[in-house]
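Engineer: I'd like to go over a predicted model; first the sequence, then the structure.
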Amino acid sequence: MMRFIPFLPRPAFVPVIRLGGTIGNGPRALNDEALAPLIERAFSRGKPAAVALQINSPGGSAVQSSLIAARIRRLADEKKVPVHAFVEDVAASGGYWLACAGDDIWVDQSSIVGSIGVIFASFGFPELMARQGVERRVVTAGKSKSLADPFLPQKPEDVERLKALQGPIHEAFISHVKTRRGAKLDQTADLFNADVWVGGQAVDLGLVDGIDHMVPKLKALYGKKVKFVPYGRKRSLFQRLGLSLVDQTIDAIDDRALWARYGL
């Protein structure tokens, strides 16, 4: 009943956007298309005191990381709403890209943060193919069309081409971090070599602002009566019924590989 009495002050509320998982285009992954409606609603419904990001991601697609972070920043600037990022187990690579969308970043003392770099990973099977007597036949128009073919021996020119592709992506990542973190960063440390740091180390380097958890931090900022409004993705009917088993299995393998890099 109290909310219908106009002259009584209402407690502050903070939408909480859950950003958990790998970043990419799979049905289970974080991507801009799936998250856009959630992010738009979080900033647009009522007058939030702030928006909180709950992040637990080992990374993934650089483009999707950029799109999600850019959407958050655009809405934060348009609505003049502060954004607070809270890291759980890990915010590495694209996960840290998302964390930098926050005006400040808070971690647990055991959170893993960083990995500001770009990776390309695949497998090679040329010797296996030879042992089995299998001949690889490829016809292309354009010499780079079979770039990094896993069934052929690795070529030095392919490695150089991949590094040339990675360079601009890495620079975009570095620029994003510098723009968002600015003078907070330790200017004497090598922060962009794809290394990772834990809790207090990340604080000392200026990659994050401090060690704290979401509920106590936001209550300290917006009052003990602050209300939290969760925003998370819902599984589709096909996912709930288990009808996309093959896709989920493949995605799970990729996810497992990314998480395993951080011992998770």
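Structural biologist: Noted; the coordinates are in hand.

Engineer: quick one: low-confidence parts of the protein?
Structural biologist: 1-9, 119-155, 158-159, 162, 234-264 (pLDDT under 70).

Engineer: ok, longest strand in it?
Structural biologist: Ordering each strand of the chain by length in residues (DSSP state E) puts strand 83-92 first.

Engineer: using PDB, write out every CA atom in that strand.
Structural biologist: This file holds the C-alpha atoms of strand 83-92, laid out as PDB (Å, rounded to 0.1, in the frame of the first residue of the first chain):
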ATOM      1  CA  VAL A  83      27.000   1.000 -13.200                       C
ATOM      2  CA  HIS A  84      28.800  -1.200 -10.600                       C
ATOM      3  CA  ALA A  85      30.500  -4.500 -11.700                       C
ATOM      4  CA  PHE A  86      30.900  -7.400  -9.300                       C
ATOM      5  CA  VAL A  87      33.200 -10.300 -10.300                       C
ATOM      6  CA  GLU A  88      32.600 -13.800  -9.000                       C
ATOM      7  CA  ASP A  89      35.100 -16.600  -9.900                       C
ATOM      8  CA  VAL A  90      36.500 -15.000 -13.000                       C
ATOM      9  CA  ALA A  91      36.400 -12.000 -15.300                       C
ATOM     10  CA  ALA A  92      39.100 -12.800 -17.800                       C
END
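
Engineer: what's the helix or strand Ala220 falls within packed up against?
Structural biologist: For Ala220, the host element (DSSP states H and E) is helix 214-222. Packing partners of helix 214-222 (3 or more C-beta pairs under 8 Å, 6 or more residues apart in numbering; DSSP states H and E): strand 13-20, strand 51-57, strand 83-92. The way it works is simple: take the backbone N, C-alpha and C, and place the C-beta from them, glycine included.

Engineer: now these in TSV, with distance to Ala70 and mean neighbour count?
Structural biologist: As requested, the helices and strands packed on helix 214-222 are exported to TSV (distance: least, C-beta to C-beta, whole Å; neighbours: other C-beta atoms under 10 Å):
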stretch	distance to Ala70	mean neighbour count
strand 13-20	14	21
strand 51-57	14	24
strand 83-92	13	25
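
Engineer: closest to Arg181 out of those strands?
Structural biologist: strand 83-92 (11.5 Å; C-beta to C-beta).

Engineer: next secondary structure element downstream of that closest one?
Structural biologist: helix 94-99.

Engineer: need the residues that contact that following helix.
Structural biologist: 19, 23, 30, 53, 55-62, 64-66, 68-69, 72, 85, 87, 91, 105, 113-116, 173, 176-177, 207-208 (C-beta atoms under 8 Å, 6 or more residues apart in numbering).

Engineer: which of these fall within strands?
Structural biologist: Going by DSSP E, the strands hold Leu19, Leu53, Ile55, Asn56, Ser57, Ala85, Val87, Ala91, Ile105, Val113, Gly114 from the contacts of helix 94-99.

Engineer: is it true that the fifth one touches Val90?
Structural biologist: Yes - with contacts counted by C-beta atoms under 8 Å, Ser57 reaches Val90, the gap being 6.8 Å.

Engineer: for the longest helix that the chain contains, packing partners?
Structural biologist: Using DSSP state H, we find that the single longest helix of the chain is helix 156-181. If you count contacts as 3+ C-beta pairs under 8 Å, 6+ apart, helix 156-181 packs onto helix 62-79, helix 94-99.

Engineer: check which residues of that helix are buried.
Structural biologist: Buried residues in helix 156-181, defined by neighbour count with 16 or more other C-beta atoms under 10 Å: Asp158, His170, Ala172, Phe173, His176, Val177, Arg180, Arg181.
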